[in-house]
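J.: Here's a sequence, model it:
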Amino acid sequence: MVEILEVKPGAPFGWTAIRPGRGLLPEADFPKPYLQIWDVSDGKFARNARRKIAVPIEAFPGVMGTALPEPGGHSTMPPRKNGGNMDIKQLTAGTTLSLPVWVDGALFSVGDGHAAQGDGEVCVTAVEMAAEVTLRFGLQAGRAIPEPQLRTRGPIGVGTGRGPWVATTAHGPDLFASAQQAVRYIIEHMVEERGLSREEAYIVASVAVDLKISEIVDAPNWIVSAFLPENIFE
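T.: Residues are numbered from 1 along each chain as shown. Predicted structure coming up:
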């Protein structure tokens with residue numbers, strides 16, 4: 001059991017990057033790399049002053065995990081049953097994460113500090129930052145869980161949950177394809193209504209837009225929604 005006591009920026013800046021061929025949208029959509037530098041120096045917002053965008057900082061470690069029971073090398077890129085690179089933005093201060101333990105000492109690791117992220121982290125990076133993380137550990141003897149579980153102390157998404165939202169939707173039998181299309185639509189919205197470039201809009205989608213499975217019971221089509229908090233625009 002890992003209690004997250006505090007997560008804060010360890011440097012005055014953060015960054016988000018588009019890496020062609022990585023992330024939700026294919027290289028055909030974004031064939032060139034792109035880098036956004038954010039000002040996180042006040043500890044409250046990740047700011048793009050030129051575009052007057054301020055994303056509330058709700059900092060969390062993207063990576064928390066224990067050692068796998070299987071021997072050998074394992075890529076740290078995908079999340080697994082031991083946790084690892086989960087990128088769950090609700091793992092902020094006040095949340096308790098439960099992880100399975102399979103080896104002596106657990107061999108816990110933490111890293112990949114994020115100042116802010118949308119549910120989905122669609123361009124493959126959040127507001128990446130150097131982070132100072134304070135944790136408290138406990139062992140629940142006799143409790144076996146197959147994969148990570150978490151419990152928050154209060155409401156989630158408080159920083160962006162206070163104002164209006166705009167959402168785009170996409171339907172189809174494939175959740176991944178529908179998520180791609182919903183993100184394309186929200187990118188188009190930001191280009192048309194906010195005057196952002198497509199690259200800037202994709203960056204904002206990764207750090208602030210929440211993807212939601214809005215409906216998955218009416219076959220053959222499911223609904224994925226992409227929710228953009230409008231209070232990030234100053």
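J.: could you dump stretch 208-218 to CSV, C-alpha only?
T.: Only the C-alpha atoms of stretch 208-218 are listed here, as CSV (Å, rounded to 0.1, in the frame of the first residue of the first chain):
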residue,chain,number,x,y,z
ALA,A,208,-6.1,18.5,-20.4
VAL,A,209,-8.7,16.6,-22.4
ASP,A,210,-10.4,13.6,-20.7
LEU,A,211,-11.4,10.7,-22.8
LYS,A,212,-14.5,8.9,-21.5
ILE,A,213,-16.3,5.7,-22.5
SER,A,214,-19.7,7.2,-22.5
GLU,A,215,-21.6,4.1,-23.6
ILE,A,216,-20.7,0.5,-24.2
VAL,A,217,-23.9,-1.4,-24.1
ASP,A,218,-25.8,-0.7,-27.4
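J.: the longest helix in the protein is where?
T.: helix 175-194 (DSSP state H).
J.: what's the angle from the helix or strand just after it to helix 175-194?
T.: Once helix 175-194 ends, the next helix or strand along the chain (criterion: DSSP states H and E) is helix 198-208. Counting by axes from the mean of the first three to the mean of the last three Cα atoms, to 10 degrees, helix 198-208 lies at 120 degrees to helix 175-194.
J.: Which residues does helix 198-208 contact?
T.: 16, 18, 23, 25, 30, 32, 34, 36, 46, 48, 51, 53, 55, 116-118, 120-127, 160, 183, 186-188, 190-191, 194, 196, 226, 228-229, 232 (Cβ atoms under 8 Å, 6 or more residues apart in numbering). Yep, even glycine has a C-beta here, placed from its N, CA and C like the rest.
J.: Restricted to helices, list those.
T.: Short answer: these in helices (DSSP H) are Val183, Ile186, Ile187, Glu188, Met190, Val191, Arg194.
J.: Neighbour count, distance to Ala11 and pLDDT added to the residues you listed, as a markdown table?
T.: Listed next are those as a markdown table, based on neighbours: other Cβ atoms under 10 Å; distance: Cβ to Cβ, whole Å; pLDDT from 0 to 100:
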| residue | neighbour count | distance to Ala11 | pLDDT |
| --- | --- | --- | --- |
| Val183 | 28 | 29 | 98 |
| Ile186 | 27 | 29 | 98 |
| Ile187 | 28 | 29 | 98 |
| Glu188 | 13 | 34 | 98 |
| Met190 | 22 | 27 | 98 |
| Val191 | 15 | 31 | 98 |
| Arg194 | 16 | 28 | 97 |
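J.: With only the CA atoms kept, save stretch 196-206 in PDB.
T.: What follows is stretch 196-206, C-alpha atoms only, in PDB (Å, rounded to 0.1, in the frame of the first residue of the first chain):
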ATOM      1  CA  LEU A 196      -4.300  27.000 -32.100                       C
ATOM      2  CA  SER A 197      -2.200  25.200 -34.600                       C
ATOM      3  CA  ARG A 198      -3.000  21.500 -35.000                       C
ATOM      4  CA  GLU A 199       0.200  20.600 -33.000                       C
ATOM      5  CA  GLU A 200      -0.700  23.000 -30.200                       C
ATOM      6  CA  ALA A 201      -4.200  21.500 -30.100                       C
ATOM      7  CA  TYR A 202      -2.900  17.900 -29.900                       C
ATOM      8  CA  ILE A 203      -0.600  19.000 -27.000                       C
ATOM      9  CA  VAL A 204      -3.500  20.500 -25.100                       C
ATOM     10  CA  ALA A 205      -5.600  17.400 -25.800                       C
ATOM     11  CA  SER A 206      -2.800  15.300 -24.200                       C
END
